[in-house]
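Visitor: structure, please.
(one chain, ligands or ions: 1)
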Amino acid sequence: MANEFYCPVKIVYGQGGPIRAIYRFGELTANAEILCLQAPILGKLAFYPSDVVSLQAFVIIPVLSWGVTINHVKTDYRRIIRFTNAFMKPQNLIQKITEAGFIPSALRTDNCLACGRPLLEGADKCSSCGWTYRVGEKTHN
Ligand SMILES: [Zn+2]
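Guide: Residues are numbered from 1 along each chain as shown. Just a heads-up that it's a prediction; the model follows:
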């Protein structure tokens, strides 16, 4: 059997903005086939590599909140899906997930990942909400 990575996490799930659901006592499981988040009430969120554009570390300095954002293309899931582990830095979480074999392979969508509205062709920035693909990512040009 291939590698598998498991760790307890807190899951943040929602549309963004001030209204968010936070699920404590969550669990993360990752292997080459699937990345799974599971928590009471929330249930199970499952991602294939082809559902995920990238795993992105985030750090919010004033409150010292850190974790990993799942940039995904699943239209039946909320846009904002993050998980945190108080004892593991996000870079380490991403590294463990990658070592377990889960490699995101989704192409970027043509819809804004924040508000879901279509992006203009070739645009990096959403004209509706200002969200941009470039946030926190390396630029390729
Ligand atoms: Zn938008």
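Visitor: got the domain ranges for this protein?
Guide: When the chain is parsed with automatic domain parsing, its domains come out as 5-99, 109-141.
Visitor: for the protein, which residues score under the pLDDT cut-off?
Guide: Counting by pLDDT under 70, the ranges of the chain that qualify are 1-2, 16-19, 62-64, 108-110, 118, 120-122, 133-141.
Visitor: near the ion, which residues of it?
Guide: When proximity is defined as Cβ under 5 Å from the ion, the chain approaches the ion at 112, 114-115, 126, 128-129, 131. From N, CA and C alone the C-beta is placed, and that goes for glycine too.
Visitor: any chance of a markdown table for these, columns neighbour count and secondary structure?
Guide: Below are the residues of the chain next to the ion laid out as a markdown table (neighbours: other Cβ atoms under 10 Å; DSSP: H, G, I helix; E, B strand; the rest coil):
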| residue | neighbour count | secondary structure |
| --- | --- | --- |
| Cys112 | 21 | coil |
| Ala114 | 18 | coil |
| Cys115 | 14 | coil |
| Cys126 | 20 | coil |
| Ser128 | 13 | coil |
| Cys129 | 14 | coil |
| Trp131 | 19 | coil |
